Every structure is written in structure tokens, then in C-alpha cells.
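*Asks:* generate a structure from the sequence data that follows.
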Amino acid sequence: MLFKNIIKNPNIIVGDYTYYDDFENVENFEKNVKYHFDFIGDKLIIGKFCMIASDVKFIMNGANHLTNSLTSYPFTIFGNGWESAMDGKSYPHKGDIIVGNDVWIGYNATIMAGVTIGDGAIIAANSTIVKDVAPYSIIGGNPAVEIKKRFSEQQISKLLALKWWDWDIEKITRNVMYLTDNELGKLID
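*Replies:* Just a heads-up that it's a prediction; the model follows:
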């Protein structure tokens, strides 16, 4: 069974060949998409050929509280005369979480709402991602920072133009030995 076929929430979109490695059950994935409420409408979009380790968490916009008011306490959810506390106000909405193609997210990483992770990026285990991640970079920490680029800027430009993840599966299969190498010039048309 393909991983994307177990996803039930229409606001979680997963590309072909992406997998989630869970210590207990791959169907736990949606439990790790936190504060994802239908009435907000934000999306988690994950590209093709991604590798997501166990316990990776995606914190969606439903986790946001007011930050520019005297208190960040969510009075309205408790009723008891507080129902109108948010009239004329709205909670911050930072946007969708977008994970590019060929991204590896390590064990127990946390991705915050509004973040875009570029193609080919690697996220270290236990990292907290609070801002966009450049393509083909390795990042880690809390908050995460870039550790290094995986390739030179010239190679990254070529890889981004190549978009091997959009090739038909036969072409990927013909090139699999070269895709697992580090020599761009060996790829076959």
C-alpha cells in the first residue's frame, strides 16, 4: 500500500513514493499533524520521494494564539460569557506547510506552520524548523540553522532544473545507479 493512500484528510497532500517510517504503525502519521482543524483550511503538502522518520511533527495554524494583545489566552473556546472575546479579531495564520521533493526529515523533527522546505533538503533529527529551508541544504538544531549546503550553487541549480522526481518511472529506473552517485554528468537522457 502506498503511503499517500492511507491519508484520509483532504488537506494533507502527499506525492508519489514518499514514505513515513513509524516505529509502531505508518497509519500514525496523521496523529503527528497537530492542530489541523478543518475550519482553518490550511494544508500540509509533501512532495515526491520524501523520507519522513518516525515522530516527525507538523504544527499547523490551529496552534497559533494572539501575540499582539495583552494576553494570548484563548478565552473564546471556553464559553461562559467569553464567546465574543475574538469578535473583530483573528488568530495569526502563517500559511501552509510545504515540503519539496526528495526531502529527508529526521526522527522527531518539528515543522512549524508556514514553513517551506526546499527540494533535496535534509532536516536533522530533533530539529525545530521555524523558517524556510533552502533547497539542498542540511539544517539542524532548535531553532534549526543551516549546517551546510549539500552541493555547490552550480550543482544545486542543475539539480533544481533537472527535477528528476518528475521523470517517468522508467527513466528513474534507468538512472537509479547514477541518482545514488554524486556525479551529475553520469545521468542518462
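*Asks:* tell me how the protein divides into domains.
*Replies:* Domain ranges of the chain: 3-150, 151-189, per automatic domain parsing.
*Asks:* for the record, mean pLDDT for the shortest one?
*Replies:* In other words, domain 151-189. Domain 151-189 shows a mean pLDDT of 91.
*Asks:* from the chain's centroid, how far away is stretch 160-170?
*Replies:* 20 Å (C-alpha atoms, centre = their mean, to the nearest Å).
*Asks:* then that stretch to CSV, C-alphas only?
*Replies:* Below are the C-alpha coordinates for stretch 160-170, written out as CSV (Å, rounded to 0.1, in the frame of the first residue of the first chain):
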residue,chain,number,x,y,z
LEU,A,160,16.7,22.0,-9.4
ALA,A,161,16.4,22.3,-13.2
LEU,A,162,16.7,18.6,-13.7
LYS,A,163,13.7,17.8,-11.4
TRP,A,164,14.4,14.0,-11.6
TRP,A,165,11.4,13.3,-9.4
ASP,A,166,9.2,14.4,-12.3
TRP,A,167,10.7,11.8,-14.7
ASP,A,168,8.6,8.8,-15.6
ILE,A,169,9.5,5.8,-13.5
GLU,A,170,11.2,4.0,-16.4
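*Asks:* buried residues in it, which are they?
*Replies:* W164, W165 (16 or more other C-beta atoms under 10 Å). Yep, even glycine has a C-beta here, placed from its N, CA and C like the rest.
*Asks:* what's that stretch in contact with?
*Replies:* With contact meaning C-beta atoms under 8 Å, 6 or more residues apart in numbering, stretch 160-170 is reached by 15, 47-49, 101-102, 119-120, 135-136, 172, 175, 179, 184, 187.
*Asks:* for these, which two are the farthest from each other?
*Replies:* Pairwise distances among the contacts of stretch 160-170 were taken by C-beta to C-beta; the largest, 22.5 Å, belongs to G15 and L184.
*Asks:* give me the pLDDT value at the residue lying farthest from the centre of the chain.
*Replies:* Residue farthest from the centre of the chain, counting by C-alpha atoms, centre = their mean, is G81 at 38.4 Å. In this prediction, G81 carries a pLDDT score of 91.
*Asks:* so how far is Y73 from it?
*Replies:* G81 sits 14 Å away from Y73, going by C-beta to C-beta, to the nearest Å.
*Asks:* could you tell me whether the residue farthest from the centre of the chain really is in a strand?
*Replies:* No: assigned with DSSP: H, G, I helix; E, B strand; the rest coil, G81 falls outside any strand and is coil.
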